[in-house]
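Below are the sequence and a predicted model for it; my questions follow.
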Amino acid sequence: MSEPFMKAVVDERLRDARRLLGAALPTDPPSEDVKRSLSRRIEQVRRDPSLLHWLTRAIVRLEDRTLVGNVGFHGEPGVNAKNVGGAVEIGYGILPEFRRKGYATEAVSAFVEWAQREGIRHFIATVSPDNVPSLAILRKLGFVHTGEHWDDEDGLEHVFELNR
């Protein structure tokens, strides 16, 4: 997701966002959570354009070029909930109408494989204890529950790690 694309979504210029991404987007305006998340990523990229390499990517269904969600890291290696050098924290989200079709599992798996080719061996994910589908995805992909932490925005989260 380029900075201009993210800015277009935040500003609710969805026609521009569709053109920039080259994919169909939801017709509903983005949620405040989406805007807040993308605004954080825009600020990260403005401070250091090289970070775009590590940040949010669109999950686009190939057969019809439809955006179904996003996957990415919270920042470069070392930026994670446990402050572990060299580790990346993965995050992902699937639009409600596309959930339970395997997109998140496929995207997280592919992104972890990509990061491994970039030299990353330690992955972290934080998930609400109530988010049963995400908990199942992480376990299915080999992540292990290693603790809990408090997030000021999201509250209590379980911490999962994967070492490869």
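Okay, I see it.

what about the helices in the chain?
3-10, 14-21, 32-47, 103-117, 132-140 (DSSP state H).

How many residues are close by Leu52?
As a burial measure, Leu52 scores 17 neighbours (other CB atoms under 10 Å). C-beta: built from backbone N, CA, C; applies to glycine.

whoops, Pro133 was the one
Residues within reach of Pro133, counting by other CB under 10 Å, total 13.

I'd like to know how far it sits from Ser39.
For Pro133, the distance to Ser39 (CB to CB, to the nearest Å) stands at 26 Å.

Ok, Pro30 next?
11 Å.

got any residues that touch both of the two?
Common contacts of Pro30 and Ser39 (CB atoms under 8 Å, 6 or more residues apart in numbering): Val10.

Which of those two has more residues huddled nearby?
Between Pro30 and Ser39, Pro30 has the larger neighbour count (other CB under 10 Å), namely 18 against 14.

can you pull the contacts of the more buried one?
Per CB under 8 Å, 6+ apart, neighbours of Pro30: 9-10, 12, 38.

any idea which of these is closest to Val60?
Checking the contacts of Pro30 against Val60 by CB to CB gives Val9 as the nearest, at 14.2 Å.

what's the burial count for the closest one?
Val9: 26 surrounding residues under other CB under 10 Å.

what would the helices of the chain look like in JSON lines with distance to His149?
JSON lines is the format used below for those (distance: least, CB to CB, whole Å):
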{"stretch": "helix 3-10", "distance to His149": "26"}
{"stretch": "helix 14-21", "distance to His149": "33"}
{"stretch": "helix 32-47", "distance to His149": "18"}
{"stretch": "helix 103-117", "distance to His149": "20"}
{"stretch": "helix 132-140", "distance to His149": "15"}
